[in-house]
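A.B. asks: Test case, fold it:
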Amino acid sequence: VYDDVTIAENIYLEKGKVFKEKEYLETLEMLQSLYADQGYIYIGVEPLREIRDDQVNVTFNIVEGQPAKVRDILISGNTKTYDEVLLREFHIYPGDVFSRKRIEYSVRDAMQSGYFEEVMPDFRPVGDGGDIDLVFKVKEKQTGQFMFGAAYSAETSISGFIQVQETNFRGKGQNIGVTWQFGSRRRYVDLSFTEPWFMGKPILVGADIFDRYQYNYDDFYESRVRGFALRTGTRIPGTRFSNVGLRYELSQTKLSNFSQSYINYLDSLEESLGTSGVPFERLDEVDWPRTKSSIRVTYNRNSTDNPFFPTAGSRTTYSFELAGGPLGGEIDYHEHQFKHSYYQRLPLKLALHVKGLLGVIEGIEGGSDNVPDYEKYRLGGNRLYPLRGYSDLEVVPRGNPSFIGGRAYTIFSTEVLYSLTRAVQFLTFLDMGDTWNSLGEANLANLRKGAGFGIRVEVPMMGTIGFDYGYGFDKLGGPAWEPHFNIGTMF
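C.D. replies: Here you go, the predicted model:
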């Protein structure tokens, strides 16, 4: 099956070096794994050790035998999830030659679905020909989530929420969710449905309906966004971890009840600069509502080892959104966003997480700066544009009023995580980032910084809950600590 050169490349012992029992045992394991990848699970490796004075001569006698084929694949332990939901994630099928590597790929992709706590492969011989049945023993996890509660923050005042989500609806891997947030400054209703395997093919189809009211942005105005979105996506053929998605959104935005401080600020600018000299759009003089019609194309690659608490692999996302132009509507821009996360397992149950984000948004009609103020980037908090140590939406370009974000941003983050259990992680972090009025103004040598610590807990029926406590070194009012709560998995 393999020539001598290939066998030699998988032997850890080296001629003339000190004999180590660990390397000897690792060589035996490697040779068995090498052959198992080609179906030779009954291989016999008979090592002979001959000791002469202070030298050890090692000979590996290999009896290859015949490769085993998979007669059938059996699933056990699943009381809710249909067998086909698990089988469609597999890379090995009945009639295939046994392959350890393809089984590992199958287990990894089944775990990435988020429906299982464990997927344990095993096999049992059938008949006298050496063929086998593959048996996958699974332990299902709680995929339904029901959450409710109340919270207070400077951004939203007192608010409550009720969220119901099932990521394995009817045991078929469908995702359905309803979120209702209510309060004096925020009222959200979001409905979503996703079918990841449309008509039995790896094609995602989904839809969202939303109605979102909020009165924040430092209380400068109220906003209400209503609309819907349609989504589709598919895996990229010939790749292990990549997929591409398409999303269309049609929505209406209405701003109202502008604060007197907002109006007075722009009035004073007009008095000093003239009406044509004001660098910001007067949102209080717009004929609301405005319609947005946009398409977003997204490329994703995810090779992480766990969908909730990864310790190895990476995630990469690039998206391009076009609003207006040939799509119609009254909002015109194009936006590019790039995100990358890298995870590395460290000793002592530690893991390293390094993350980078970059975004640019440009106007289409009337110049590159013709972007609605409410679409621009304002950093802070730990959700949409996270910069911990700063309150939500706090970070805007230097010199801008607090309600005007930037057209370019970047964020870098480094975390060291410690897994106390499968469901609990502690972490420390260092975040650096900033936003600017254009990409040409970007200054990576003068980013705003935050550092601190946090915890992530995976709670049955509630998903991942986290708390971060960050120290903002470059806050406008001077360095200070800022708490951050979050529900859900951060990228």
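A.B. asks: Centre of the chain to stretch 394-402, how far?
C.D. replies: How far stretch 394-402 lies from its chain's middle: 28 Å, per C-alpha atoms, centre = their mean, to the nearest Å.
A.B. asks: Now do the buried residues in that stretch.
C.D. replies: Buried residues in stretch 394-402, defined by neighbour count with 16 or more other C-beta atoms under 10 Å: 394-397, 400-401. Using the backbone N, CA and C atoms, a C-beta is placed for each residue, glycine as well.
A.B. asks: now swap in stretch 293-309 and tell me
C.D. replies: 293-294, 296, 298, 300-304, 308-309.
A.B. asks: again, but for stretch 8-24
C.D. replies: 11, 24.
A.B. asks: and it, how far out from the chain's middle?
C.D. replies: Per C-alpha atoms, centre = their mean, the centroid offset for stretch 8-24 relative to its chain is 41 Å.
A.B. asks: And stretch 229-241, by the same measure?
C.D. replies: When distances are taken as C-alpha atoms, centre = their mean, stretch 229-241 is centred 15 Å away from the chain's centroid.
A.B. asks: Helices of the stretch 251-400 of the chain, start to end?
C.D. replies: All helices of the stretch 251-400 of the chain, identified by DSSP state H, counting those that start in this stretch, fall at 260-273.
A.B. asks: so I162 sits in a strand?
C.D. replies: Yes. Assigned with DSSP: H, G, I helix; E, B strand; the rest coil, I162 falls within a strand.
A.B. asks: these two touch, right, it and V189?
C.D. replies: No. Counting by C-beta atoms under 8 Å, I162 sits too far from V189 to count as a contact (10.3 Å).
A.B. asks: Without its sequence neighbours, what residue ends up closest to S251?
C.D. replies: Excluding its sequence neighbours, the residue lying closest to S251 (C-beta to C-beta, 6 or more residues apart in numbering) is G227, at 2.6 Å.
A.B. asks: And that neighbour, which helix or strand is it part of?
C.D. replies: Using DSSP states H and E, G227 sits within strand 221-235.
A.B. asks: Quick one: work out the angle between that strand and helix 260-273.
C.D. replies: Orientation check (axes from the mean of the first three to the mean of the last three C-alpha atoms, to 10 degrees): strand 221-235 against helix 260-273 gives 90 degrees.
A.B. asks: for strand 221-235, packing partners?
C.D. replies: Under the contact criterion of 3 or more C-beta pairs under 8 Å, 6 or more residues apart in numbering; DSSP states H and E, strand 221-235 touches strand 203-216, strand 242-256.
A.B. asks: Comparing the ones you listed, which yields the minimum mean pLDDT?
C.D. replies: Comparing mean pLDDT across these, the lowest value falls on strand 203-216: a mean of 92.
A.B. asks: quick one, that one and strand 242-256 angle?
C.D. replies: Taking the same axes, to 10 degrees, one finds that strand 203-216 is oriented at 30 degrees with respect to strand 242-256.
A.B. asks: Who are the packing partners of strand 203-216?
C.D. replies: Right, strand 203-216 is packed against strand 186-195, strand 221-235, strand 242-256 by 3+ C-beta pairs under 8 Å, 6+ apart.
A.B. asks: please redo it, this time with the cut-off set to 10 Å
C.D. replies: On a contact count with 3 or more C-beta pairs under 10 Å, 6 or more residues apart in numbering; DSSP states H and E, strand 203-216 meets strand 157-169, strand 174-183, strand 186-195, strand 221-235, strand 242-256.
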